[in-house]
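**Student:** One predicted model, sequence on top.
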Amino acid sequence: MSRMRILVTNDDGIRAAGIAALQAALRPLGEVWVVAPDREQSASSHALTLSDPLRIQPIGERMFSVSGTPTDCVLLAIRGVRGVMEPRPDLVVSGINHGPNMGDDVTYSGTVAAAVEGSLLGCPAIAFSNTAWSPQHLDASAEVARRIVAQAQARPLSDRMLLNVNIPDRDSGEIRGLRATHLGQRVYRDEIIAKTDPRGKAYYWIGGDPPVWAPDETSDFAATSDGYVSVTPLRVDWTDGGAVEGVRDWLGQRSDASVPAPE
């Protein structure tokens, strides 16, 4: 079995414990390169840095920090910035995130966005998250990640394949197995918390109660709550294929015709 070239990134920053555990777990499987943000970029979603220059700093063997987002990191690595990840990787792996990335929240996730960028650039990609905000069992999560990446090595994922993996924060012996899932639906209870600074100016925090999930036995949230690792295949094409015909009807458009755009 040939050794893989694996690009590792995250959104918690290159010094985070999760990325260190992931790097160590994957090293026996191939040539691991780490290209990650120089600081925390949580909830950065699929942002690209366009208004500021990006700086890449080597910090170790095949390790680079980037003054940008997780998406920036993957783009710089795969597009072949001189001295970084040449040639392109066989697999993009993002994580291990501190905290869950499930359901509707994947749209905010920098961890998932890094994997999305890899997929868009033609590389299969996997995002890994531990469901605890302060994980106590990252070693167990890293072992799960190693097993899944080894499976991808033995049975390669197709180009643009994208998996979102959430791992309950448990010891290895307490993880009940892996389960294929779909994204759950979060019941949002976010609040805008208004404060006043010492100079009398208003500022705001986005806060609220912990998330609540709609009941669904086949969702990612249900799987991790039951002690299983959730493995959710994602797709970059957001088109709602089932609604296209309804939109045609709404536009007063025949299925074999088009309507000129408004002037």
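**Tutor:** Perfect, thanks for sending it. Predicted model, so just to flag it, every value in this text is computed and none were measured.

**Student:** what are the ranges of the strands in this protein?
**Tutor:** Secondary structure of the chain (DSSP state E): strands located at 4-9, 30-37, 56-60, 63-66, 91-98, 125-130, 162-167, 177-180, 186-187, 190-196, 202-208, 212-213, 228-234.

**Student:** Now tabulate those in a markdown table and tack on mean neighbour count, mean pLDDT and distance to Asp139.
**Tutor:** (C-beta placed from N, C-alpha, C; glycine too.) A markdown table is the format used below for the strands of the chain (neighbours: other Cβ atoms under 10 Å; pLDDT from 0 to 100; distance: least, Cβ to Cβ, whole Å):
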| stretch | mean neighbour count | mean pLDDT | distance to Asp139 |
| --- | --- | --- | --- |
| strand 4-9 | 25 | 95 | 16 |
| strand 30-37 | 24 | 96 | 17 |
| strand 56-60 | 13 | 93 | 21 |
| strand 63-66 | 22 | 96 | 20 |
| strand 91-98 | 29 | 97 | 10 |
| strand 125-130 | 29 | 98 | 11 |
| strand 162-167 | 26 | 98 | 11 |
| strand 177-180 | 14 | 97 | 18 |
| strand 186-187 | 14 | 78 | 29 |
| strand 190-196 | 10 | 83 | 33 |
| strand 202-208 | 10 | 82 | 31 |
| strand 212-213 | 14 | 78 | 27 |
| strand 228-234 | 21 | 97 | 15 |
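
**Student:** I'd like those written out as CSV, with distance to Ala113 added.
**Tutor:** Below are the strands of the chain laid out as CSV (distance: least, Cβ to Cβ, whole Å):
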stretch, distance to Ala113
strand 4-9, 10
strand 30-37, 12
strand 56-60, 19
strand 63-66, 14
strand 91-98, 8
strand 125-130, 9
strand 162-167, 11
strand 177-180, 22
strand 186-187, 18
strand 190-196, 20
strand 202-208, 19
strand 212-213, 21
strand 228-234, 11
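
**Student:** So which of those is nearest Ala77?
**Tutor:** Ala77 sits nearest to strand 30-37 of all these, at 4.3 Å, using Cβ to Cβ.

**Student:** could you give the angle of that closest one to strand 56-60?
**Tutor:** Angle between the axes of strand 30-37 and strand 56-60 is 130 degrees (criterion: axes from the mean of the first three to the mean of the last three Cα atoms, to 10 degrees).

**Student:** circling back: who wins for proximity to Ala43 among the strands of the chain?
**Tutor:** Nearest to Ala43, of all those, is strand 202-208, at 9.3 Å by Cβ to Cβ.

**Student:** Please identify the pairing partners of that closest one and their relative orientation?
**Tutor:** Here strand 202-208 has these sheet partners by DSSP bridges: strand 190-196 (antiparallel).

**Student:** For the partner strand, which outside residues touch it?
**Tutor:** For strand 190-196, the external contacting residues (Cβ atoms under 8 Å, 6 or more residues apart in numbering) are Ala202, Tyr203, Tyr204, Trp205, Ile206, Gly207, Gly208.

**Student:** so how far is it from its chain's centroid?
**Tutor:** Strand 190-196 has its average C-alpha position 28 Å from the chain's average C-alpha position, going by Cα atoms, centre = their mean, to the nearest Å.

**Student:** ok so, going back, turn the contacts of strand 190-196 into a markdown table, including distance to Leu183.
**Tutor:** Listed next are the contacts of strand 190-196 as a markdown table, based on distance: Cβ to Cβ, whole Å:
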| residue | distance to Leu183 |
| --- | --- |
| Ala202 | 35 |
| Tyr203 | 33 |
| Tyr204 | 28 |
| Trp205 | 27 |
| Ile206 | 21 |
| Gly207 | 23 |
| Gly208 | 20 |
